[in-house]
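S.K.: Following is a predicted model, sequence given first.
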Amino acid sequence: MTERSTTDTRPADWYTSTLVSLPTRAAALVLAGGKGCRLRAGGDPELNRTPKVLVPIDTPAGRTPMLGHALAQLAAVGFRRIAVLTSTDHASGAEAVETYALTHSARQVELTVHREDRPLGTAGAAYAALTHLPDTPAAVVLPADTLFPAALLPSALAAHRDRAAAVTWTVTSVPGQGAQNAGRLFLDPDGAFVVHALEGVDATLPAASRQGLRQATSTGAVILAPLPFRALFEEYARRLARPCEADLYRQFMPWAISQGQPIGAYDIRTPAPDLGTPDRLAAFGRTTV
């Protein structure tokens with residue numbers, strides 16, 4: 001049998017492209033329920049009296065709260081549905097955070113606020129918020145205290161569409177100086193999936209197990225296919241002794257990997273600094289006090 005030449009291929013089969021854009025009705029879930037315990041440990045009066053995500057940082061557009069920067073970046077890259085996820089914990093300053101979000105979002109954005117009824121953890125909060133967004137084809141979970149380069153999200157979503165996974169973990173192989181939990185994720189040789197996740201685990205991966213794997217660092221941004229994610233989270237929750245907080249990064253995704261569920265990976269190859277400590281805030285988010 002003669003192998004078919006590429007010259008016999010129909011033009012429509014050969015000349016193809018990937019649409020790099022946000023899916024219609026895609027949503028961004030902004031994590032804004034942090035208490036800021038590590039920031040307050042530095043003794044800065046402004047950090048002690050300000051809800052974590054409302055701490056001002058220096059940006060190219062001027063001095064603005066972390067949450068304001070995240071909302072502006074998401075709107076600029078094309079998100080028209082943004083959900084701000086807040087906490088019942090008094091220390092998080094939920095009412096001030098919610099008021100800020102509702103009064104400082106871009107006019108073209110459909111912004112909603114989702115306050116958890118009880119401590120749910122980041123995975124539980126994402127699951128709960130998605131029940132109010134039934135027609136969302138894809139959702140990006142983004143911590144408000146991370147300087148993630150939002151312009152890369154359309155490419156990350158395009159890669160996520162190619163993965164047969166409920167979740168794609170956005171990572172970086174270039175974490176930069178002072179990155180939190182650097183090198184705690186291990187990807188397959190192609191860099192397409194996360195095969196080991198050691199965030200928050202006091203353990204190391206044996207050298208033999210690391211052979212051929214790519215080492216990476218979490219950026220905090222996670223892409224969800226809502227229906228598969230919700231089904232997988234419900235399976236996770238059913239295995240708990242009782243309903244409780246569920247952390248997306250340290251509990252849910254490591255559990256999914258342990259069950260053989262594919263967790264996609266997308267390497268942004270640039271730093272995405274976390275501003276959760278006084279040192280990192282000073283280094284990456286503030287040039288003045």
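M.R.: Happy to help now that I have it.

S.K.: Might you report the residue contacts of the residue positioned nearest the centre of the chain?
M.R.: Using C-alpha atoms, centre = their mean, the residue of the chain that lies closest to the mean C-alpha position is Ala221, 1.9 Å off. Applying C-beta atoms under 8 Å, 6 or more residues apart in numbering, one finds that Ala221 lies in contact with Val140, Val141, Leu142, Pro143, Thr146, Phe148, Leu153, Ala156, Thr170, Ala272. C-beta coordinates here come from the backbone N, C-alpha and C atoms, glycine included.

S.K.: and whichever strand or helix holds the third one, what does it pack onto?
M.R.: To tie it back to what came earlier, the one meant is Leu142. When elements are defined using DSSP states H and E, Leu142 is found to belong to strand 139-143. Helices and strands touching strand 139-143, as assessed by 3 or more C-beta pairs under 8 Å, 6 or more residues apart in numbering; DSSP states H and E, comprise strand 27-31, helix 121-130, helix 153-162, strand 214-224.

S.K.: re earlier: which of the contacts of Ala221 lies closest to Ala265?
M.R.: For these, the closest approach to Ala265 (C-beta to C-beta) belongs to Thr170, at 7.9 Å.

S.K.: for the stretch 151-289 of the chain, which spans come out with low pLDDT?
M.R.: Confidence mapping of the stretch 151-289 of the chain against pLDDT under 70 gives the ranges 288-289.

S.K.: ok, which stretches of it are strands?
M.R.: When secondary structure is read from DSSP state E, counting those that start in this stretch, the stretch 151-289 of the chain shows strands at 167-172, 185-187, 194-197, 214-224, 263-267.

S.K.: Which one of the ones you listed lies nearest to Asp44?
M.R.: Asp44 lies closest, by C-beta to C-beta, to one member of the strands of the stretch 151-289 of the chain: strand 214-224, at 22.7 Å.

S.K.: Give the pairing partners of the closest one; include direction for each.
M.R.: strand 139-143 (antiparallel), strand 167-172 (antiparallel), strand 185-187 (antiparallel) (DSSP bridges).

S.K.: on that earlier part again, out of the strands of the stretch 151-289 of the chain, which is the most enclosed?
M.R.: Burial of these is given as mean neighbour count (mean count of other C-beta atoms under 10 Å); strand 167-172 ranks first at a mean of 26.

S.K.: what about Glu122, how many neighbours?
M.R.: Careful, residue 122 is Thr; it's not Glu. Thr122 has 24 neighbours, counted by other C-beta atoms under 10 Å.

S.K.: Would you check that it makes contact with Ala129?
M.R.: No: between Thr122 and Ala129 no contact is recorded; they are 10.7 Å apart, counting by C-beta atoms under 8 Å.

S.K.: re the thing from before, okay, the strands paired with strand 214-224 in JSON lines with distance to Ile263 next?
M.R.: As requested, those are exported to JSON lines (distance: least, C-beta to C-beta, whole Å):
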{"stretch": "strand 139-143", "distance to Ile263": "13"}
{"stretch": "strand 167-172", "distance to Ile263": "5"}
{"stretch": "strand 185-187", "distance to Ile263": "10"}
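
S.K.: Contact partners for the closest residue to Pro273 other than its chain neighbours?
M.R.: Excluding its sequence neighbours, the residue lying closest to Pro273 (C-beta to C-beta, 6 or more residues apart in numbering) is Phe284, at 3.9 Å. Contact criterion C-beta under 8 Å, 6+ apart gives Leu147, Gly178, Pro273, Leu275 as the residues in contact with Phe284.

S.K.: With Gly183 instead?
M.R.: Pro175, Gln215, Ala216, Thr217 are the contacts of Gly183 under C-beta under 8 Å, 6+ apart.

S.K.: what would the residues you listed look like in JSON lines with distance to Leu198?
M.R.: Formatted as JSON lines, the entries for the contacts of Gly183 read as follows, by distance: C-beta to C-beta, whole Å:
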{"residue": "Pro175", "distance to Leu198": "14"}
{"residue": "Gln215", "distance to Leu198": "10"}
{"residue": "Ala216", "distance to Leu198": "11"}
{"residue": "Thr217", "distance to Leu198": "11"}
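
S.K.: Widest-spaced pair of those residues?
M.R.: Taking C-beta to C-beta as the measure, these reach their widest spread between Pro175 and Gln215, a distance of 9.9 Å.
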